[in-house]
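# mind looking at a prediction? Sequence and model below.
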Amino acid sequence: MSLLLNRSTFGNEADKGNTLTRQEAEELFSAWVINPKLRLHMKQVGNLMKCWAAEKEGLDEDGQWRWEMAGLLHDADWDQWPDLHCKKIIEELENRHVDPEILHAIASHGPLHFGVEPVTNMDKMLFAFDELSGLIHAYSLMRPGGYEGMDVKGVKKRLKEKSFAANVSRDDINDGCNRAGIVLDDLIAFIIPRQATVN
Ligand SMILES: [Fe+2]
């Protein structure tokens, strides 16, 4: 079953700058996403995107929300409509006149699956955070203290263990760092303390 989107432009330039309000996004999130693990994953990625936008991109609150919204909704159609993954949420957000930049970030969060290359920093960071965030969370669940005392070395050890969180693509993680031009250790160090606050 192919999830290829077979297009490279998303949304309408006239909608540039438009977002859902936080309340609208949360309503869509609650209505569409049922699996609690997926909900947490999406919240964690949303938070990482927001933190990156604030700390590394120097964006104001509106800009931070644009990044957070991309993270918060990127998997919104995954548990209920896996065959329509990415297509359904993009069409919904297009109908709601959301900024094409946010749509492109969601469309390119799995280049091999959806056939859309990450281009902007928002695109690249969503792709870079997605799988690595999941692996770090899986690691926190097997540690007695959760995120407490977790370090980069421990995460890298788990990354090398093929059987640990085997569904997390190591290739995607490396590819994400390369595309974003970030050293893996630095990205892990960024994620650990920020993700620890969203449990
Ligand atoms: Fe995801």
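Now that the structure is in, tell me what you want to look at.

# need the residues that contact the helix-or-strand element of the chain with minimal mean pLDDT.
Of all helical and strand segments in the chain, the minimum by mean pLDDT, DSSP states H and E falls on helix 111-114, at a mean of 93. Identification of contacts with helix 111-114 by Cβ atoms under 8 Å, 6 or more residues apart in numbering yields 3, 4, 5, 85, 86, 107, 108, 117, 118, 127, 172, 175. No exception for glycine: its C-beta is placed from N, CA and C like everyone else's.

# could you do stretch 88-108 as well?
Against stretch 88-108 from outside (Cβ under 8 Å, 6+ apart): 5, 9-13, 15-20, 24, 28, 32, 66, 69-70, 73-74, 76-77, 81, 86, 114, 116-120, 122-123, 126-127.

# shaky segments in the chain?
Within the chain, no stretch has pLDDT under 70.

# wait, does the top helix by length along the chain contact the ion?
Determined from DSSP state H, the single longest helix within the chain is helix 121-142. Yes: contact between helix 121-142 and the ion is present through residue 130 (criterion: Cβ under 5 Å from the ion).

# what's the local residue count around residue 79?
Residue 79 has 15 neighbours, counted by other Cβ atoms under 10 Å.

# contacting residues around it?
Contact partners of residue 79, counting by Cβ under 8 Å, 6+ apart, are 33, 34, 35, 38.

# and of those residues, the nearest to residue 131?
residue 38 (14.0 Å; Cβ to Cβ).

# so how many other residues sit close to the residue nearest to residue 84 when sequence neighbours are not counted?
Distances taken as Cβ to Cβ, 6 or more residues apart in numbering place residue 77 nearest to residue 84, at 5.8 Å, with adjacent residues excluded. Using other Cβ under 10 Å, residue 77 is surrounded by 22 other residues.

# if I look at the residue of the chain positioned farthest from its centre, how far off is the ion?
Largest separation from the mean C-alpha position in the chain: residue 144, at 26.2 Å (Cα atoms, centre = their mean). With distances taken as Cβ to the ion, to the nearest Å, residue 144 is found 26 Å from the ion.

# can you name the helix or strand that that residue falls in?
Counting by DSSP states H and E, there is no helix or strand that carries residue 144.

# buried ones in stretch 24-31, by neighbour count?
Across stretch 24-31, burial judged by 16 or more other Cβ atoms under 10 Å covers 25, 28, 29.

# then stretch 167-178?
So stretch 167-178, judged by 16+ other Cβ under 10 Å, has buried residues 168, 169, 172, 173, 175, 176, 177.

# output these as TSV; include the columns secondary structure and distance to the ion.
Formatted as TSV, the buried residues of stretch 167-178 follow (DSSP: H, G, I helix; E, B strand; the rest coil; distance: Cβ to the ion, whole Å):
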residue	secondary structure	distance to the ion
168	coil	10
169	coil	11
172	helix	10
173	helix	12
175	helix	15
176	helix	12
177	helix	16
